[in-house]
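Engineer: this one's structure only:
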């Protein structure tokens with residue numbers, strides 16, 4: 001049966017085709033913002049990137065096509081990871097004020113942005129601030145891609 005997976009501000013849905021039209025069905029995460037949902041083409045596991053208002057950004061997975069969900073191990077920036085943050089917008093900035101500068105800040109997970117899968121079984125998760133995490137053990141652990149994080153276009157070595 002053809003279906004489309006959709007992450008919404010109200011949960012994870014599947015739109016399933018029946019009798020020539022698509023009907024929505026809640027798969028999980030009722031009332032929780034889901035930034036992205038996808039199926040691992042190698043294992044069939046469903047993955048959802050949650051943006052929970054209280055608990056923050058979390059990964060959730062279902063190994064039974066959405067019947068039940070479990071939290072995946074938390075993605076976390078390594079200790080000492082920093083990033084260059086743009087200036088905070090301010091309405092009080094005078095038109096003739098000098099430009100504000102980027103500042104170095106501790107990296108804290110704000111949002112899970114996208115999930116993708118490699119041919120070798122790797123799972124990739126893009127985050128805000130701009131990081132790329134990879135799992136090579138089926139999502140049991142995730143590591144920050146340090147060469148990309150420390151690339152000179154981002155300001156160089158930020159550790």
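Structural biologist: Nice, thanks for sending it over. Bear in mind that the values here come from a model prediction, so they are computed numbers and not experimental data.

Engineer: remind me which helix or strand residue 124 belongs to.
Structural biologist: Element membership of residue 124, judged by DSSP states H and E, is strand 123-128.

Engineer: next one: whichever helix or strand comes after that strand to chain centre, how far?
Structural biologist: Next helix or strand after strand 123-128 toward the C-terminus (DSSP H and E): strand 131-135. A distance of 10 Å separates the centroid of the chain from that of strand 131-135, by CA atoms, centre = their mean, to the nearest Å.

Engineer: can you list contacts of strand 131-135?
Structural biologist: The contact list for strand 131-135 (CB atoms under 8 Å, 6 or more residues apart in numbering) reads 75, 77, 81, 107, 122-127, 141-145, 148-149. Every residue, glycine included, has its C-beta placed from N, CA and C.

Engineer: among those residues, which ones are buried?
Structural biologist: Among the contacts of strand 131-135, the ones that count as buried by 16 or more other CB atoms under 10 Å are 75, 77, 81, 107, 123, 125-127, 142, 144, 149.

Engineer: centroid-nearest residue for the protein?
Structural biologist: With distances taken as CA atoms, centre = their mean, residue 112 lies nearest the centre of the chain, 1.7 Å away.

Engineer: that one against residue 60, yeah?
Structural biologist: No - Residue 112 sits out of contact with residue 60 when judged by CB atoms under 8 Å, with a separation of 9.9 Å.

Engineer: which residues are common contacts for the two?
Structural biologist: Applying CB under 8 Å, 6+ apart, one finds that residue 112 and residue 60 are jointly contacted by residue 50.
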